[in-house]
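> sequence and predicted model, in that order:
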Amino acid sequence: MASVRTGIVFNPSKTKREELERAWASVSPDTEPEWFETTPEDPGQGPARAAVEAGCELVIAAGGDGTVRAVAEALAGTGVTLGIVPRGTGNLLARNLGVPLLSVPAALRRAVTEEPRAMDIGVVDMTTEKGVESHAFVVMVGFGLDAQMLAETDDDLKSRAGWLAYVAAMGRALSTSSVLSVSVAVDDEEAAEVEAHTLLIGNCGAIQGGVTLFPDAELDDGQLDLLVLSAAGPLEWMDTFRAAVWDNGVMRLFDKDRAATSTESARHGQATRVRVELSEPRAFEIDGEEVGEVTAFEARIEAGALRVS
């Protein structure tokens, strides 16, 4: 794909254009991409749309998860291929796609040479104090420990220590998490009341540290994966971690067809649409970014809507 018209949408707070230019010259010295810069006011949707309007057939998102999500949102349904140069802390979609994380030239080379494939993209309508907001997501959305950890993470420490900043934040999140009543309806089924402190809806499964939250998740299966956590005491947490690390981790290395193991405190499911109402507001995250508090949300899958390389 090196000969196709290429646009690079880059986040200047994560990577410099000069670094990307040097890497591009080593990968495709006879071509010149078009450059589009994000801003705090426009994290990527506008630049990506501009790249599409300019006739780019491949748009590479160079930045963190927020940049990748914003560019993916703009490219969904256009037929234009998304490439990724991961320059953030989590780099969640890049991890799930197998994009090189530590080498800019290697990531660019993959973007321009890998055969494009179709993947699903999620859409979430979230209810906040300001009303209903709609956003695309490529990895996961939800509330609970994950979102609370992101809310507790010190941005200064994150810029200096990377993912280690999340460790301290997780301790604070654990100390402030509490179970609440949640109404959950999947597809056309009746809503059910559950008790949970964490509810996550995913499009793909892997996060940092080699942890797989959604063992059954596939990027192109037309399904959302659901995880509900309600562990309260040490024994329930041990049960949850055992299922996550052993049953849904180590054992699946030997049996790829093994279904995700649920426990009393960690329940898995799949659906094409999930509607959730919370009994009280909770911090919410989209693809690794905390976006404020919600009281309800509905997530749905758009199968095969995004092309990635």
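Good, I have the coordinates. Numbers count the residues shown, from 1 in each chain.
> pLDDT score for Glu290?
At Glu290, the model reports a pLDDT of 86.
> now it: phi and psi?
The phi/psi pair for Glu290 (degrees, to the nearest 10) reads phi -80, psi 130.
> pretty sure it is touching Phe284, no?
Yes - with contact defined as C-beta atoms under 8 Å, Glu290 counts as touching Phe284 (7.3 Å). Yep, even glycine has a C-beta here, placed from its N, CA and C like the rest.
> please say which of the two ends up with more neighbours.
Legend: neighbour count by other C-beta atoms under 10 Å for Glu290 and Phe284, higher for Phe284 (27 against 17).
> the more buried one bridge partners, please.
Counting by DSSP bridges, Phe284 is bridged to Phe143.
> which residues touch it?
The contact partners of Phe284, by C-beta atoms under 8 Å, 6 or more residues apart in numbering, come to 126, 141-143, 147, 290-294, 297.
> quick check: of those, which lies closest to Thr38?
Val291 (16.9 Å; C-beta to C-beta).
> now the closest one: how far from Arg117?
For Val291, the distance to Arg117 equals 28 Å [C-beta to C-beta, to the nearest Å].
> pass me the low-pLDDT residue ranges in the stretch 51-200 of the chain, would you?
The model of the stretch 51-200 of the chain has pLDDT under 70 over residues 146-177.
> tell me where it has strands.
According to DSSP state E, counting those that start in this stretch, the stretch 51-200 of the chain carries its strands in the segments 58-63, 81-86, 117-128, 131-137, 140-143, 180-186, 192-196, 198-202.
> please name every helix or strand in contact with the longest one.
Other elements packing on strand 117-128 under the criterion 3 or more C-beta pairs under 8 Å, 6 or more residues apart in numbering; DSSP states H and E are strand 131-137, strand 140-143, strand 289-308.
> and these: which comes nearest Lys14?
Each of the helices and strands packed on strand 117-128 has some distance to Lys14 by C-beta to C-beta; the shortest is strand 289-308, at 13.1 Å.
> that closest one packs against which elements?
Contacts defined by 3+ C-beta pairs under 8 Å, 6+ apart place strand 289-308 against helix 65-75, strand 81-86, strand 117-128, strand 140-143, helix 145-152, strand 224-229, strand 273-286.
> okay, those in CSV with distance to Gly205 next?
Formatted as CSV, those follow (distance: least, C-beta to C-beta, whole Å):
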stretch, distance to Gly205
helix 65-75, 15
strand 81-86, 17
strand 117-128, 13
strand 140-143, 9
helix 145-152, 13
strand 224-229, 7
strand 273-286, 16
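> which one of these lies nearest to Thr6?
Closest approach to Thr6 among the helices and strands packed on strand 289-308 (C-beta to C-beta): strand 81-86, 8.0 Å.
> how many neighbours does Thr15 have?
Look at Thr15: counted by other C-beta under 10 Å, it has 21 neighbours.
> do Asp125 as well
By the criterion of other C-beta under 10 Å, Asp125 has 14 neighbours.
> can you add distance to Ser3 and give the strands of the stretch 51-200 of the chain back as a markdown table?
Shown next, in a markdown table, are the strands of the stretch 51-200 of the chain (distance: least, C-beta to C-beta, whole Å):
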| stretch | distance to Ser3 |
| --- | --- |
| strand 58-63 | 10 |
| strand 81-86 | 13 |
| strand 117-128 | 19 |
| strand 131-137 | 29 |
| strand 140-143 | 35 |
| strand 180-186 | 45 |
| strand 192-196 | 50 |
| strand 198-202 | 35 |
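> which one of the ones you listed lies nearest to Gly222?
Across those, closest to Gly222 is strand 117-128 (C-beta to C-beta), at 6.1 Å.
> contact partners of the closest one?
If you take C-beta under 8 Å, 6+ apart as the criterion, strand 117-128 is touched by 72-73, 76, 132-138, 141, 201, 203, 219-224, 284, 286, 291-309.
> can I get that strand as CSV, trimmed to CA atoms?
Extracted in CSV, the C-alpha atoms of strand 117-128 (Å, rounded to 0.1, in the frame of the first residue of the first chain):
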residue,chain,number,x,y,z
ARG,A,117,-8.9,-6.1,7.0
ALA,A,118,-12.4,-5.1,8.1
MET,A,119,-13.1,-4.8,11.9
ASP,A,120,-16.1,-3.9,14.0
ILE,A,121,-16.5,-0.5,15.7
GLY,A,122,-18.7,0.3,18.6
VAL,A,123,-21.0,3.3,19.2
VAL,A,124,-22.1,4.4,22.6
ASP,A,125,-24.9,6.9,23.5
MET,A,126,-24.1,8.1,27.1
THR,A,127,-26.4,10.1,29.3
THR,A,128,-24.7,12.8,31.3
